[in-house]
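[1] Got a sequence here, can you build the structure:
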Amino acid sequence: MNTDNDALILRLAGADDGPAIRRLAELDEAPPLEGLVLLALIGADAVAALSLDDGRAVADPFVPTAGALALLRLRAAHLSAGRPRNRRGGRARDRRGWRRPLRRAERIGRPLRPRAA
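    Take a look at the predicted model:
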């Protein structure tokens, strides 16, 4: 019978999750994850984490986490689907550093024409 204590929760890690991510990395004997991180929790305990920046994962070796890691990778794929990428693999950004939506002409490959006043 499932209870709330053994439910698997996936969420983006916050600033207060740093110690849990470092603990997972130490247990997994891996360097700590940096950047945006997805976290898998069973109850209140972090059991696995996946970096959205480089795809590296760390997990608690004393807990069965194969299913949690598979779900983390699936969720990461959902989060990154459809995001435009530049030549270096990063998100497309304008000069100010903000991601700008593509204009209709850019989406369909036509050259942009100035708008009539």
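[2] Gly55: how many residues sit nearby?
    10 (other CB atoms under 10 Å). From N, CA and C alone the C-beta is placed, and that goes for glycine too.
[3] SS state for the closest residue in space to it that isn't next to it in sequence?
    In this structure, Gly55 finds its nearest non-sequential neighbour in Ala76, 7.5 Å apart by CB to CB, 6 or more residues apart in numbering. Secondary structure, DSSP: H, G, I helix; E, B strand; the rest coil: Ala76 is helix.
[4] From Leu27, how far out is Ala76?
    Distance, Ala76 to Leu27, by CB to CB, to the nearest Å: 21 Å.
[5] Tell me which of the two has more neighbours.
    Ala76 (18 against 15).
[6] so what's that one up against?
    Neighbouring residues of Ala76 by CB atoms under 8 Å, 6 or more residues apart in numbering: Leu38, Leu50, Leu52, Gly55.
[7] and with 10 Å instead?
    Leu10, Leu36, Leu38, Leu50, Ser51, Leu52, Gly55, Ala57 (CB atoms under 10 Å, 6 or more residues apart in numbering).
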